[in-house]
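>>> Any chance you can model this:
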Amino acid sequence: MSRGSSAHGKRGTARLAAVQALYQVEFTGAFAGGVIDEFARHRFSDPGGDEAMVPGKLDAALFSDIVNGVVDRLPDLDAMIAPALAEGWRVERLDPVLRACLRAGAFELVARADIPARAAIDEYVGVAKRFFGGSEAGVVNAVLDKIARRLRPGEFESGHVGSSTPG
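Presented below is the predicted three-dimensional model:
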């Protein structure tokens, strides 16, 4: 995943932070708004913290949109993810960080038509690679690809180039 001041880097950092925030929401039971505020106060403004998460290096609006959107649509997102999982797997059985990656990616596919499906998938594969060293990135790719093909079939027709807008 690229870093830096480009829109792509800012969005990628927002996605990484959103997955962390969604994990925190699930783990602690905290309200999404409180976790978003905490990230803004402590993680995005801490000069001693993660350099990638300082102001100006992430898309704060995308971060908030993902976190709030996933929390608001959680049952619907899980209902989209469940049939895309391998046989015998349930959303509840997934690692919580993997679950957060899939939920955030599914949210973007359903609610952010301004972001090309392939770009969103690639970004969440990259986020998964930041957290895992095994097959989890492949799971993210496969599940989000199934969801995207169901939700946005036109983007996968041959000859479709997609948007030139960075994801």
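
>>> Can you tell me the centre-most residue of this structure?
Ala104 (3.5 Å; Cα atoms, centre = their mean).

>>> what residues are up against that one?
Ala104 is in contact with 15, 18-19, 22, 66, 70, 124, 127, counting by Cβ atoms under 8 Å, 6 or more residues apart in numbering. In this view, the C-beta of every residue, glycine as well, is placed from N, C-alpha and C.

>>> Any idea how many residues pack against the closest residue to Thr13 other than its chain neighbours?
Leaving aside its chain neighbours, Thr13 sits nearest to Leu58 (3.9 Å; criterion: Cβ to Cβ, 6 or more residues apart in numbering). Look at Leu58: counted by other Cβ atoms under 10 Å, it has 26 neighbours.

>>> surely Phe132 meets Leu98?
Yes - between Phe132 and Leu98 there is a contact under Cβ atoms under 8 Å: 7.3 Å.

>>> okay, the two: which has more neighbours?
Leu98 (20 against 17).

>>> Just list the residues touching that one, thanks.
Leu98 makes contacts with 128, 131-132, 136, 139-140, as judged by Cβ under 8 Å, 6+ apart.

>>> just the residues you listed now: which is nearest Arg112?
Nearest to Arg112 among those: Val140, at 16.6 Å, using Cβ to Cβ.

>>> Which secondary structure element is home to the closest one?
helix 136-151 (DSSP states H and E).

>>> elements contacting that helix?
In terms of contact count using 3 or more Cβ pairs under 8 Å, 6 or more residues apart in numbering; DSSP states H and E, helix 136-151 is assigned the packing partners helix 74-81, helix 96-111, helix 117-131.
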